[in-house]
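Asker: have a look; sequence and predicted model below, questions after that.
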Amino acid sequence: MTGSIEVVYRGIFQKHLGQRITRGIVLAARKEGKIGISFGRYGDSPERNGIPAKSFAVVADTAEELEAHLARYEPINNDVTVSVDDTLCKGVESWAWYGLQPINKLTRPGGTVLVTSIQTPEELLKDCHRKGAEWTLGIVKGMASFSGLWVFKEDHTDVRVLGAIAKVAPHVVKLESVEAAIRDEWKDELKVASARKSYDRVAVRKVGPDEGNPEKPYEFQLLKWQEMKEGLVIPAIPVKQEVPGWDGGYRPGRNPTFKKFSTRTMRPVVNFDTCTKCTLCWLQCPDSCFDITPTGHYDANMEACCGCGVCEAVCPVENCVTMVNEQAFEGNGSQFADYEKDKPAYLAWLDEKIKDKVTTQRSHGFRYRGQYEEELAQSGTEGGQKGGD
Ligand code: SF4
Ligand code: SF4
């Protein structure tokens, strides 16, 4: 018998977290005499900040079963899909496949999607796409744990997820083996206790085939071989796009198929009333996201924004650009269009979104070595996940 688990994580910010979870699963399975492998997907490497990536763990009773399971490109019928950032419930768009992949797409019917989140199941189900089969939504209560490339944030998210996996998929790993593996690997009784607590507290909810977000995920068709041109031809991206109804303004050409709807964990919101049109956000945005409107304002286009936060950092006007948790938004429409339609309503919306950041604060992680230790020293704790217990 085999079991497989995929961990969907934000590239770089959660790289170590994803790897520690899948490694922990294999180590725990070894305690039961099983054999297993933990691996990342080649197509997701090199990783980019925030771009969704995956790590897998496959365990089996025998080497032959494991080999048979791995004789395909990737596990597609996973017992558990772990999403260590709840914004990924909106869908997963990576470098390794095409279009938007629903978070539950590679979860087997009857399997579990385990999400670290402080949201309710009902809130998360507004984002998770309908599967057409029954599945289970499990929530490990806590905020997304982000760290930088060089840092692992020791807030026990790794072992809390392992404890929850033991609860929802005991045929893959049992709690006793998870505990034994944590003792061997991390030699930390506090982490063992966190795993056990999470096992006891993980909240699960059965989801029907027709429950969830009814939208059709964004997709596009690759060229068929008959349609390809001779030799290697890569069409260039045009310098400018025409925007119907615009008299003036400028929208740069963009990749027509790679949309970054799900690559960000935060998005910028702009106060067009206080914007001085200084151009800095436009100049510094690494993804050329800003459309210059006919009025000379700078409108961050959500098809292109990866949520890096550079525009917020460079904007010289206080509170003119604010990064807000992506979970606070439903659509991807133009903020400037809403502002032009009804300015007071837009400003009220803006205010509400910025306030939302207070309750669902998140960050991209740490910018330099030692920053996490400084944060811990300031808070007077040695670790522990906010919202976790
Ligand atoms: S967060 Fe700002 S700077 Fe970063 S990609 Fe989005 S619009 Fe550009
Ligand atoms: S950096 Fe700020 S003030 Fe300058 S154009 Fe962009 S939003 Fe406006």
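Answerer: Received it, and whenever you're ready, just let me know what you need. Remember, it's a predicted structure, so these values are computed and weren't measured experimentally. Numbers count the residues shown, from 1 in each chain. Ligands and ions are numbered 1, 2, ... in the order given.
Asker: for the rest of this, base every contact and every neighbour count on C-alpha atoms.
Answerer: Will do.
Asker: the residue nearest to T265 when sequence neighbours are not counted: neighbour count?
Answerer: Nearest residue to T265, sequence neighbours excluded (C-alpha to C-alpha, 6 or more residues apart in numbering): E326, at 5.2 Å. Per other C-alpha atoms under 10 Å, the neighbour tally for E326 reads 24.
Asker: please apply the same query to the one 10 residues further on.
Answerer: Other residues near F336 number 21, with proximity taken as other C-alpha under 10 Å.
Asker: count the residues that sit near I37.
Answerer: The burial count for I37: 18, using other C-alpha under 10 Å.
Asker: show me the contacts for it.
Answerer: Residues near I37 by C-alpha atoms under 8 Å, 6 or more residues apart in numbering: R23, V26, A57, V58, V59.
Asker: recalculate using a threshold of 10 Å.
Answerer: Contacts were defined as C-alpha atoms under 10 Å, 6 or more residues apart in numbering; by that measure I37 touches 4, 22-23, 25-27, 29, 56-60, 66, 70.
Asker: the most centrally placed residue in the chain and E375, how far apart?
Answerer: The C-alpha lying nearest the average C-alpha coordinate of the chain belongs to L88 (C-alpha atoms, centre = their mean; 3.8 Å). Separation of L88 from E375 (C-alpha to C-alpha, to the nearest Å) stands at 26 Å.
Asker: what does stretch 237-253 contact?
Answerer: 236, 254-256, 288-299, 301.
Asker: report the buried residues of that stretch.
Answerer: By 16 or more other C-alpha atoms under 10 Å, the buried positions in stretch 237-253 come out as Y250, R251.
Asker: regarding it, how distant is the last residue from the first?
Answerer: Rule used - C-alpha to C-alpha; the end-to-end distance of stretch 237-253 is 6 Å.
Asker: now it, how far from the chain's geometric center?
Answerer: Centroid separation between stretch 237-253 and its chain, computed with C-alpha atoms, centre = their mean, to the nearest Å, is 30 Å.
Asker: that stretch close to ligand 2?
Answerer: No - Stretch 237-253 lies out of reach of ligand 2 by C-alpha under 6 Å from any ligand atom, never closer than 13.6 Å.
Asker: where does the protein dip in pLDDT?
Answerer: 42-47, 73, 95-97, 149-150, 357-369, 379-389 (pLDDT under 70).
Asker: ok, now which ones touch I76?
Answerer: Shown in contact with I76 (C-alpha under 10 Å, 6+ apart): S4, I5, E6, K105, L106, T107, R108.
Asker: let's go with 7 Å and repeat that
Answerer: L106 (C-alpha atoms under 7 Å, 6 or more residues apart in numbering).
Asker: name the SS class of it, please.
Answerer: Of the three states, I76 takes coil according to DSSP: H, G, I helix; E, B strand; the rest coil.
Asker: could you check how far it is from G11?
Answerer: Taking C-alpha to C-alpha, one finds I76 at 20 Å from G11.
Asker: and for T62?
Answerer: Remark: distance between T62 and G11 (C-alpha to C-alpha) = 32 Å.
Asker: and those two? Which one has more around it.
Answerer: Neighbour count, other C-alpha under 10 Å: between T62 and G11, G11 has more, with 25 against 14.
Asker: tell me where this protein has helices.
Answerer: Secondary structure of the chain (DSSP state H): helices located at 15-30, 63-70, 121-125, 157-168, 175-186, 189-201, 280-284, 310-314, 335-341, 343-359, 371-379.
Asker: tell me which parts of the stretch 251-389 of the chain are close to ligand 1?
Answerer: When proximity is defined by C-alpha under 6 Å from any ligand atom, the stretch 251-389 of the chain lies next to ligand 1 at 267-268, 285-287, 289, 300, 305-311.
Asker: so which residue of the stretch 51-200 of the chain comes closest to ligand 2?
Answerer: For the stretch 51-200 of the chain and ligand 2, the shortest gap (C-alpha to the nearest ligand atom) falls at I51, measuring 24.2 Å.
Asker: quick check: Q378 vs Q371, distance?
Answerer: Separation of Q378 from Q371 (C-alpha to C-alpha): 11 Å.
Asker: who's more crowded, the two?
Answerer: Legend: neighbour count by other C-alpha under 10 Å for Q378 and Q371, higher for Q371 (15 against 9).
Asker: so who does that one touch?
Answerer: No residues are in contact with Q371 under the rule C-alpha under 7 Å, 6+ apart.
Asker: likewise for V161?
Answerer: So V161 contacts V140 (C-alpha under 7 Å, 6+ apart).
Asker: tell me which residues in stretch 197-212 are buried?
Answerer: Quick answer for stretch 197-212 (16+ other C-alpha under 10 Å): K197, S198, Y199, R201, V202, A203, V204, V207, E211, G212.
Asker: got those residues as JSON lines, with distance to G36 columns?
Answerer: Listed next are the buried residues of stretch 197-212 as JSON lines, based on distance: C-alpha to C-alpha, whole Å:
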{"residue": "K197", "distance to G36": "25"}
{"residue": "S198", "distance to G36": "23"}
{"residue": "Y199", "distance to G36": "22"}
{"residue": "R201", "distance to G36": "27"}
{"residue": "V202", "distance to G36": "25"}
{"residue": "A203", "distance to G36": "27"}
{"residue": "V204", "distance to G36": "26"}
{"residue": "V207", "distance to G36": "29"}
{"residue": "E211", "distance to G36": "34"}
{"residue": "G212", "distance to G36": "33"}
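Asker: relative to ligand 2, which of those residues is nearest.
Answerer: Once C-alpha to the nearest ligand atom is applied, the member of these that ends up nearest ligand 2 is G212, at 35.4 Å.
Asker: around ligand 2, pick out the residues from this structure.
Answerer: Close to ligand 2, as judged by C-alpha under 6 Å from any ligand atom, the chain has residues 275-281, 298, 315-317, 320-321.
Asker: follow-up on the earlier one: so what's the residue nearest to T265 up against?
Answerer: E326 touches T87, R264, T265, M266, R267, counting by C-alpha under 7 Å, 6+ apart.
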